[in-house]
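> Dropping the sequence and predicted coords here.
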Amino acid sequence: MSSHTSHTRPGDTIRDVPGTPGVRTGRGTRAAATLLTSLAVGTVLLTGCTDHNRSEVTLAGGTGVEEDTPGHDSRPRPPAPVDPSTPCPAAQLSATVDSTNAGAGHTFYTVRLTNNGSPCTLSGYPGVSLIDAAGNQVGAAADREIGAKGHPTRLDTGSSATFSTRFSQPHAYNPEACEPTERAQHMKIYPPNDTGWLTIPVSQPTCGSDEVSTITVTGVSAD
């Protein structure tokens, strides 16, 4: 029967490794274990710092997902400013006859346009014609009066501007060319730079022919 003697150095320790009885571990093994422990502690600290800058977002179904949350400005934006140079549309205007004068074979109407909407501008000549009760034009549309273009006029809400029209009596024209009529029941007005229109009641004799214009109109001006 033979015997085996183990030789160890002072300071060495012996531990059992599963499957390998009597494997020695010394100072080198303890140093490696200490290094691994230090690395593990550093990893935990680094992970904690990273998690501090993140917030947890719960998605549908209850799954937690870590996600950066950038800042969000929830303040309402102010409305876009209104441009007062925008032409006044017929839809936000009202028209009234301010005054009527007659003399020397002519009838003069001063027409007032009032702004009922946002600030806008009237600039130039309006379009004017006469229509019958069914809305059909009677005679030719108005001619522009030379040298009376008016002035660009800004209208705030509730403000108004005026223009003038002159109607010549049909008897001043050749009856065959004029075709006199009293069918006209309204004045139809197109504000400058707009295709919409307004109407005001006006009973005015005129020429029924669209070859003869009995109407002249001035540009729009402030009061």
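Done, it's in. Just so it is clear, the structure is predicted and the values come from calculations on it, not from any experiment.

> Every contact and neighbour count from this point should use C-alpha atoms.
Fine.

> as a whole number, average confidence for stretch 201-218?
Average pLDDT, stretch 201-218: 96.

> pLDDT weak spots in this structure?
1-84 (pLDDT under 70).

> sec struct for Ala91, please.
Of the three states, Ala91 takes helix under DSSP: H, G, I helix; E, B strand; the rest coil.

> can you tell me which residues contact it?
The contact partners of Ala91, by Cα atoms under 8 Å, 6 or more residues apart in numbering, come to 196-197.

> How many neighbouring residues does the closest residue in space to Ser203 that isn't next to it in sequence have?
Distances taken as Cα to Cα, 6 or more residues apart in numbering place Gln185 nearest to Ser203, at 4.7 Å, with adjacent residues excluded. Gln185: 20 surrounding residues under other Cα atoms under 10 Å.

> show me what contacts Gln185?
Gln185 sits in contact with 130-133, 201-204, where contact means Cα under 8 Å, 6+ apart.

> quick one: which of these is nearest Asn116?
Pro201 (20.1 Å; Cα to Cα).

> Just give the nearest non-adjacent residue to that closest one, would you?
His186 (4.4 Å).

> quick one: that neighbour and Ser203 touch, right?
Yes: at 6.6 Å, His186 counts as touching Ser203 under the criterion of Cα atoms under 8 Å.

> follow-up on the earlier one: pull the most distant pair out of the contacts of Gln185.
Farthest apart among the contacts of Gln185 by Cα to Cα are Ala133 and Gln204. That separation is 12.5 Å.

> which one of those two has more residues nearby?
When Ala133 and Gln204 are compared on other Cα under 10 Å, the one with more neighbours turns out to be Gln204, at 19 against 11.

> dump the residue contacts of that one.
Contacts of Gln204 by Cα under 8 Å, 6+ apart are 182, 184-185.

> make it 10 Å
107, 130, 167-170, 181-187 (Cα atoms under 10 Å, 6 or more residues apart in numbering).

> Kindly report the same for Ser94.
112-116, 160, 197-200 are the contacts of Ser94 under Cα under 10 Å, 6+ apart.

> now Cys178
So Cys178 contacts 139, 170-172, 206-214 (Cα under 10 Å, 6+ apart).

> Tell me how far it lies from Ser129.
16 Å (Cα to Cα, to the nearest Å).

> re earlier: quick one: which of the contacts of Cys178 is the most crowded by neighbours?
When neighbours are counted by other Cα under 10 Å, Cys207 leads the contacts of Cys178 with 30 neighbours.

> ok, which stretches of the chain are helices?
Taking DSSP state H to define them, one finds helices in the chain at 27-52, 175-178.

> Thr96 against Ser164, yeah?
No: Thr96 lies out of contact with Ser164 (Cα atoms under 10 Å); the separation is 11.8 Å.

> Could you name every residue contacting both of these two?
110-112.

> Generate a markdown table for those residues, with distance to Ala90 and neighbour count as supplementary columns.
Below are the shared contacts of Thr96 and Ser164 laid out as a markdown table (distance: Cα to Cα, whole Å; neighbours: other Cα atoms under 10 Å):
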| residue | distance to Ala90 | neighbour count |
| --- | --- | --- |
| Thr110 | 18 | 17 |
| Val111 | 14 | 20 |
| Arg112 | 13 | 22 |
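
> Can you say which of the contacts of Gln204 are buried?
Neighbour-count burial (16 or more other Cα atoms under 10 Å) is assigned, among the contacts of Gln204, to 107, 130, 167-170, 183-187.
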